[in-house]
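**Student:** Predicted model and sequence follow; I will ask about them next.
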Amino acid sequence: MIPRFNKEPALREGHIHAEHRHRINDTTDVHFHDYFEIEYIIEGDGINYIDGKMYSLEPGLLYFLSPINTHNLIQKKTNLLHLAFEESHCDTTLLAPLVSSGTQIIFHLSLDDRAYVSSLIFEIIKNSADNTYTSMLLNVLLVKLNKLLASQYTTHNINFSAPRNGILYIINNFKNNISLNDAASYVGLTPTYFSAIFKEEIGITFKEYLDSVRFNHARNLILYSDHTMHEICAESGFTNYENFVRRFKQRFGQSPRSYKKFVSSKPKSNK
């Protein structure tokens, strides 16, 4: 069964978790977590699978993970910097554009950017007990990631907006029974106005976006975990199993069980 990793002790105590890790012949099972994660590879020899896609662990690789991502590491020998944090640790106007980018956030940093990013994370590690200072440093790092993403994808909008903040709310809460009204309250707008500007900016309705997050998460669990279908239904935020199966079939053309069998029978590809 795919596990949800427990919060790091620092997170439970209200701090950002920051760590310099050295790993040799270490493998983690496919997992997910209810917080955000940034890892930067200083030196690496291994593989990271993110939502089933393979990435080589090599110097200069940085990846950003949110609660919707599954991943596992196969580390022959790695030297990396690890950050784990929650929404409360940073400025959501910087986090929301990253979460709503619609892409897997993977960077191969230049030499200059490697020095800059590693210095920020090492400073967070050294001052982990100082929440105010480490939050400021994390915000600087998020600014940098937004700029890097904007340089790679011309469609990436680094500006904060209420709809993007609404997406951040979805990513953090899609496993719960949330509604348009909940998200509108979170961003401080009336439901009617929030619904209108969400559709205008994102291109689909709030409900359609929430459904896409839930179904894509369910699809990942079906493909990469040993959860039962009832467990996947609940873990993905659906409250009625029969309705989940019916709507999954409408979206993917097959029932969850048939979809798993069909994909499992296809030749494996790392691309």
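**Tutor:** Sure, I can see it. Numbers count the residues shown, from 1 in each chain.
**Student:** what residues are up against the spatially most central residue of the chain?
**Tutor:** Nearest to the geometric centre of the chain sits S66, at 1.7 Å (C-alpha atoms, centre = their mean). Applying C-beta atoms under 8 Å, 6 or more residues apart in numbering, we find S66 in contact with 36, 99, 171. C-beta: built from backbone N, CA, C; applies to glycine.
**Student:** Tabulate those in TSV, adding columns for secondary structure, neighbour count and pLDDT.
**Tutor:** Listed next are the contacts of S66 as TSV, based on DSSP: H, G, I helix; E, B strand; the rest coil; neighbours: other C-beta atoms under 10 Å; pLDDT from 0 to 100:
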residue	secondary structure	neighbour count	pLDDT
F36	strand	24	94
V99	helix	23	88
I171	helix	20	93
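**Student:** Just the pLDDT for the residue nearest to the centre of the chain.
**Tutor:** Here, the pLDDT recorded for S66 equals 91.
**Student:** same thing with the one 10 residues further on?
**Tutor:** At K76, the model reports a pLDDT of 91.
**Student:** again, but for F85
**Tutor:** 96.
**Student:** how close does the residue nearest to the centre of the chain get to M229?
**Tutor:** From S66 over to M229 the distance is 24 Å, taken as C-beta to C-beta, to the nearest Å.
**Student:** ok, now F206?
**Tutor:** Distance from F206 to M229, by C-beta to C-beta: 26 Å.
**Student:** ok, for D26, nearest residue in space, not its chain neighbours?
**Tutor:** Q75 (4.7 Å; C-beta to C-beta, 6 or more residues apart in numbering).
**Student:** residues of the helix or strand containing that neighbour that come out buried?
**Tutor:** Per DSSP states H and E, Q75 falls inside strand 71-85. Residues 71-75, 78-85 are the ones in strand 71-85 that count as buried (16 or more other C-beta atoms under 10 Å).
**Student:** Let me see the ranges of the strands in the stretch 101-250 of the chain.
**Tutor:** 105-108 (DSSP state E, counting those that start in this stretch).
**Student:** which stretches of it have low pLDDT?
**Tutor:** Under the criterion pLDDT under 70, the flagged ranges of the stretch 101-250 of the chain are 102-103, 154-158.
**Student:** follow-up on the earlier one: dump the buried residues of strand 71-85 into JSON lines; add distance to S110 as well.
**Tutor:** Below are those laid out as JSON lines (distance: C-beta to C-beta, whole Å):
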{"residue": "H71", "distance to S110": "24"}
{"residue": "N72", "distance to S110": "28"}
{"residue": "L73", "distance to S110": "24"}
{"residue": "I74", "distance to S110": "26"}
{"residue": "Q75", "distance to S110": "24"}
{"residue": "T78", "distance to S110": "20"}
{"residue": "N79", "distance to S110": "19"}
{"residue": "L80", "distance to S110": "18"}
{"residue": "L81", "distance to S110": "17"}
{"residue": "H82", "distance to S110": "21"}
{"residue": "L83", "distance to S110": "20"}
{"residue": "A84", "distance to S110": "25"}
{"residue": "F85", "distance to S110": "24"}
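**Student:** For those, name the two members farthest from one another.
**Tutor:** I74 and F85 (24.7 Å; C-beta to C-beta).
**Student:** for the strand holding Q75, packing partners?
**Tutor:** If you count contacts as 3 or more C-beta pairs under 8 Å, 6 or more residues apart in numbering; DSSP states H and E, strand 71-85 packs onto helix 9-12, strand 17-27, strand 36-50, strand 53-57, helix 111-126, helix 131-152.
**Student:** Can you add distance to F160 and give those back as CSV?
**Tutor:** Shown next, in CSV, are these (distance: least, C-beta to C-beta, whole Å):
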stretch, distance to F160
helix 9-12, 24
strand 17-27, 25
strand 36-50, 16
strand 53-57, 28
helix 111-126, 21
helix 131-152, 10
